[in-house]
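Chemist: Sequence and predicted structure, then a few things I'm wondering about:
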Amino acid sequence: MISLLATAVGCSKKEAPGREVDKTILEEFPPEMVDFVPYENNPVFAGTGTDTWDRNIRERGYILREGDIYHIWYTGYNRKLSRTLYLGYGTSQDGFNWTRYPDNPIFTESWVEDMCVIKHGDTYYMFAEGLNDIAHMMTSKDRIHWKDHGSLDIRYTNGESLSPGPYGTPTIWIEDEKWFLFYERSDRGIWLATSTDLKIWTNVQNDPVIVRGPEQYDKEAVAMNQIIKYKGRYYCNYHACSNQPWSDWTTNVAVSNDLIHWKKYPKNPIVSGGDKSSGILVHDGTQYRLYTMHPNVWVFFPRSAKTEK
């Protein structure tokens, strides 16, 4: 109270320490990137709940908006029909009402879940988890027909192959013809590897670039969802868990100037509720919407935006 009063009456030219901190947070984490409210008619996409191959959906699906069309790829499963998780596809004109592709699933040759999709040149690249949480790469020219190029070859900084075990939730960023791959190992941290040929990926360091904790919300697990660049900074959306047996998943944000050193948003999580995780941002032509992708698809708007549709 004394600091605020002194500033108000001109007794000090410096802002109160708390206000300086708030200003820094506001600059690094603008409201349109971290402050969202849910759409009133959620969820906007979900498993069928009937005896189809996609009775349920799970993990990170992915949405790209191209022109006036939203494209969604998602993982569907029905344990009564198969133990394998398959890839589905759908479209929407508004991002709320979705039409499933009539010949779903679009890929059944191998296990596909937790995917990230990016278009580079005239090719769509999908990086996804396969069986046993091993990341693999797929490509397509038309969003529907995909070719699997096999598991990613990730190396330590000395060129040796990763130790046996899962390396999943692959997330891709491309800059200056260099490919940046973020991945997790049993959700214990987020690592970064790079490649120029898409054949060999080499860690930039052998320690994670984002670690778990120290706060409770991401103490048990972290995994990257998406990278975007906004106003000169890199932002990642990542999902995290505070407990076992993995019931309290949330969506969170971190910022970086170099893709290696990350600062977590001090008010994480930005979306909680246990089942609203794997969030990604999708620009609708006016602003970013936040879509959470697990286990149903919810959409959120910046708090200042109109949310009625």
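Modeler: Received it, and whenever you're ready, just let me know what you need. None of these values were measured; they are calculated from a predicted model.
Chemist: From the chain's centre, how far out is stretch 171-184? Work that out for me.
Modeler: Centroid separation for stretch 171-184 versus its chain: 13 Å, with C-alpha atoms, centre = their mean, to the nearest Å.
Chemist: again with stretch 146-157
Modeler: Per C-alpha atoms, centre = their mean, the centroid offset for stretch 146-157 relative to its chain is 20 Å.
Chemist: From the opening residue of that stretch to its closing one, how far?
Modeler: 31 Å (C-alpha to C-alpha, to the nearest Å).
Chemist: ok, now stretch 244-251?
Modeler: The straight-line separation of the ends of stretch 244-251 (C-alpha to C-alpha) is 17 Å.
Chemist: contacting residues for the residue nearest to Gly49 when sequence neighbours are not counted?
Modeler: Distance criterion C-beta to C-beta, 6 or more residues apart in numbering; nearest residue to Gly49, sequence neighbours excluded, is Arg55 at 6.3 Å. The C-beta positions use only the backbone N, C-alpha and C, and glycine is treated the same way. The neighbours of Arg55, taking C-beta atoms under 8 Å, 6 or more residues apart in numbering as the test, are Gly47, Thr48, Gly49, Gly76, Tyr77, Asn78, Lys80.
Chemist: how about those residues in JSON lines, adding pLDDT?
Modeler: Rendered in JSON lines, the data for those read as follows (pLDDT from 0 to 100):
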{"residue": "Gly47", "pLDDT": "97"}
{"residue": "Thr48", "pLDDT": "97"}
{"residue": "Gly49", "pLDDT": "96"}
{"residue": "Gly76", "pLDDT": "97"}
{"residue": "Tyr77", "pLDDT": "96"}
{"residue": "Asn78", "pLDDT": "96"}
{"residue": "Lys80", "pLDDT": "93"}
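Chemist: just the helices in this structure please.
Modeler: Counting by DSSP state H, the chain has helices at residues 2-8, 17-28, 31-34.
Chemist: How far does the shortest one sit from its chain's centre?
Modeler: It stands for helix 31-34. Distance of helix 31-34 from its chain centroid, counting by C-alpha atoms, centre = their mean, is 15 Å.
Chemist: thinking again about what came up before, the residue nearest to Gly49 and His294: what is the separation?
Modeler: According to C-beta to C-beta, to the nearest Å, Arg55 stands 15 Å off from His294.
Chemist: ok, now Ala254?
Modeler: For Ala254, the distance to His294 equals 19 Å [C-beta to C-beta].
Chemist: try Trp98
Modeler: Distance, Trp98 to His294, by C-beta to C-beta: 16 Å.
Chemist: Give me the more crowded residue out of those two.
Modeler: His294 (23 against 18; other C-beta atoms under 10 Å).
Chemist: And that one, how far from Glu175?
Modeler: With distances taken as C-beta to C-beta, His294 is found 28 Å from Glu175.
Chemist: One more: Asn41?
Modeler: The gap separating Asn41 from Glu175 is 37 Å, by C-beta to C-beta.
Chemist: same deal with Ile228?
Modeler: Taking C-beta to C-beta, one finds Ile228 at 12 Å from Glu175.
Chemist: higher neighbour count, those two?
Modeler: Using other C-beta under 10 Å, the more surrounded residue of Ile228 and Glu175 is Ile228, with 16 against 12.
Chemist: Quickly list what the nearest residue to that one once chain neighbours are set aside is bridged to.
Modeler: Closest residue to Ile228 in three dimensions, ignoring its sequence neighbours and counting by C-beta to C-beta, 6+ apart: Tyr235, at 5.4 Å. Here Tyr235 sits in beta bridges with Ile228, Val255, going by DSSP bridges.
Chemist: Let me know the pLDDT of Tyr235.
Modeler: According to the prediction, Tyr235 has pLDDT 98.
Chemist: What of Trp173?
Modeler: You'll see Trp173 listed with a pLDDT of 98.
Chemist: And the one 10 residues further on, by the same measure?
Modeler: What the model reports as pLDDT for Tyr183 is 98.
Chemist: pLDDT weak spots in the chain?
Modeler: Residue ranges of the chain with pLDDT under 70: 1-21, 274, 306-309.
Chemist: For it, which residue occupies the most central location?
Modeler: Asn225 (1.7 Å; C-alpha atoms, centre = their mean).
Chemist: That residue contacts Arg60, doesn't it?
Modeler: Yes - contact criterion C-beta atoms under 8 Å: Asn225 and Arg60 qualify, at 5.8 Å.
Chemist: got any residues that touch both of those two?
Modeler: Joint contacts of Asn225 and Arg60 (C-beta under 8 Å, 6+ apart) are Thr169, His239, Ser278, Ile280.
Chemist: For those residues, work out which two are farthest apart.
Modeler: Spatial extent of these (C-beta to C-beta) is set by the pair Thr169 and Ile280 at 12.2 Å.
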